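A.B. asks: Predicted model follows, preceded by the sequence.
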Amino acid sequence: MASVSNRRPFLYDLHVELGAKIVPFGGWEMPLQYATGTVSEHLACRSDAVVFDVSHLGTVRCDGAHMFDALQSTLTNDLTKIGPGRAQYTHLLDDSGFVVDDIIVWWVGHDQFDVMPNASNTTGVLAALPGVDVTSERVVLAIQGPNAREKAGALDPRFAAVKRFDVTTFDFRGVEVRVAGTGYTGEAGIEIAAPNDVAADLLRDLIGAGVTPAGLGARDTLRLEAALPLYGHELTSSSTTLEARLGWVLGWDKETFRGRSAVEAERERGPRRLLTGVLAEGRQPLREGAEVLVHGASHGVLSSGNYSPVLGRGVGLGLLSGDLEPETPVTIEMRGRVVPGRVVELPFVRKVK
């Protein structure tokens, strides 16, 4: 049963009907996995197509003549690099240069933007940008995997036509849907923002087209294999964009963004930690908080860790000191165990879009 502090997604009852195990996440009650389990869902995404309900992510609608300037002066990335009909990954920083949130902006049309914060950060984004929270009005389904576009296209060929980081809108079953070629798995795919009243039929029809329902457990192991940062882990209110090796989202060519002076100072002196990947020698899953040592000296702790179904090994990410080179031997200390491993180049699993 959901606690009073957690919200249920619009499709909660359908997820239960489909056999989902429900867990609290980011203030929501969300599907962790379905009957086949996380590993099976993970491998289905790598080989075929799955669908995630990611409606817990926020949507802040920023429409109006001055919204471009508001986003351009607040968020880190440079919107002049794209245009209407495209999506962009960006960061929202505080004045000290720390990460408030990592965000996808859908530039829907002229003076129309959907800003997509993480589940628990919508309030912070609303405090920084003059938008309207429309999270409760829509469902967002992420169809991911090498066959994702083809299988979504069985419902409507326009789904299959949405290319990577494109954004489009069209009438689907009498309502407007917004579709972007985005995702969080390292695979090809699309995300569909649909009004609540068509969402249940849309999810059922995607499953009927052979798309496997998947939960947040597989979404996490997939993003970890792809070395995609997770807010609250690799990105936090005490970490920086440069530490996460995401300097490409900093729009140095534009006039300003929030936190710019602090990030300029960090760039001058160099980040004190860097995002680093660690691969265990065996199948032991690595865990958040595990200490990483080189020749007995601590270089920090893992911010994320798990088992990689594709590699059959434990994998972990951490903001570690020392700019450790790939193939550096490490030991990982966790829960009273010592696990041998090595530093590896990221991502752990590289997929061709």
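C.D. replies: Nice, thanks for sending it over.

A.B. asks: ok, now which ones touch L71?
C.D. replies: Neighbouring residues of L71 by Cβ atoms under 8 Å, 6 or more residues apart in numbering: 62, 79, 105, 113, 115, 129. Backbone N, C-alpha and C define where each C-beta goes, glycine included.

A.B. asks: any idea which helix or strand carries it?
C.D. replies: Per DSSP states H and E: L71 is located in helix 67-74.

A.B. asks: Now do the least confident helix or strand in the chain by mean pLDDT: which elements does it pack against?
C.D. replies: Here the helix or strand of the chain ranked lowest by mean pLDDT, DSSP states H and E is helix 122-128, holding a mean of 93. Under the contact criterion of 3 or more Cβ pairs under 8 Å, 6 or more residues apart in numbering; DSSP states H and E, helix 122-128 touches strand 60-63, strand 86-93, strand 99-109.

A.B. asks: Serialize these to CSV and add fields for distance to P329 and mean neighbour count.
C.D. replies: Listed next are the helices and strands packed on helix 122-128 as CSV, based on distance: least, Cβ to Cβ, whole Å; neighbours: other Cβ atoms under 10 Å:
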stretch, distance to P329, mean neighbour count
strand 60-63, 45, 20
strand 86-93, 33, 22
strand 99-109, 31, 23
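
A.B. asks: Mean pLDDT and distance to Y231 added to the ones you listed, as TSV?
C.D. replies: What follows is those, written out as TSV (pLDDT from 0 to 100; distance: least, Cβ to Cβ, whole Å):
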stretch	mean pLDDT	distance to Y231
strand 60-63	97	15
strand 86-93	98	10
strand 99-109	97	6
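
A.B. asks: Out of the ones you listed, the one nearest H233 is which?
C.D. replies: For H233, the closest of the helices and strands packed on helix 122-128 is strand 99-109, at 11.1 Å, according to Cβ to Cβ.

A.B. asks: can you give me the helices in the stretch 101-250 of the chain?
C.D. replies: 122-128, 148-152, 157-160, 196-208, 216-225 (DSSP state H, counting those that start in this stretch).

A.B. asks: So for S136, which of the helices and strands packed on helix 122-128 sits nearest?
C.D. replies: Comparing those by Cβ to Cβ, strand 60-63 comes nearest, at 12.0 Å.

A.B. asks: Greatest separation within the contacts of L71: which pair is it?
C.D. replies: Of all pairs drawn from those, the widest gap by Cβ to Cβ lies between L79 and L129 and measures 12.9 Å.

A.B. asks: distance of the residue nearest to V99 when sequence neighbours are not counted from V16?
C.D. replies: Using Cβ to Cβ, 6 or more residues apart in numbering and skipping residues adjacent in sequence, the residue nearest V99 is L235, 4.5 Å away. Distance of L235 to V16, computed by Cβ to Cβ, to the nearest Å: 32 Å.

A.B. asks: who has more neighbours, those two?
C.D. replies: L235 (25 against 14; other Cβ atoms under 10 Å).

A.B. asks: Run a quick check on that one versus L242, I expect a contact.
C.D. replies: No - contact criterion Cβ atoms under 8 Å: L235 and L242 do not qualify, at 11.5 Å.

A.B. asks: list the contacts for the residue positioned nearest the centre of the chain?
C.D. replies: Centroid-nearest residue in the chain: Y184, 4.5 Å away (criterion: Cα atoms, centre = their mean). Listed by Cβ under 8 Å, 6+ apart, the contact set of Y184 reads 54, 142, 144, 219, 222-223, 228.

A.B. asks: I'd like the average pLDDT over the helix holding L71.
C.D. replies: The pLDDT scores in helix 67-74 average 98.

A.B. asks: follow-up on the earlier one: can you tell me what sits against the least confident helix or strand of the chain?
C.D. replies: In contact with helix 122-128 (Cβ under 8 Å, 6+ apart) are residues 58, 60, 74, 92, 100-101, 103, 115, 117, 131, 133, 135, 258.
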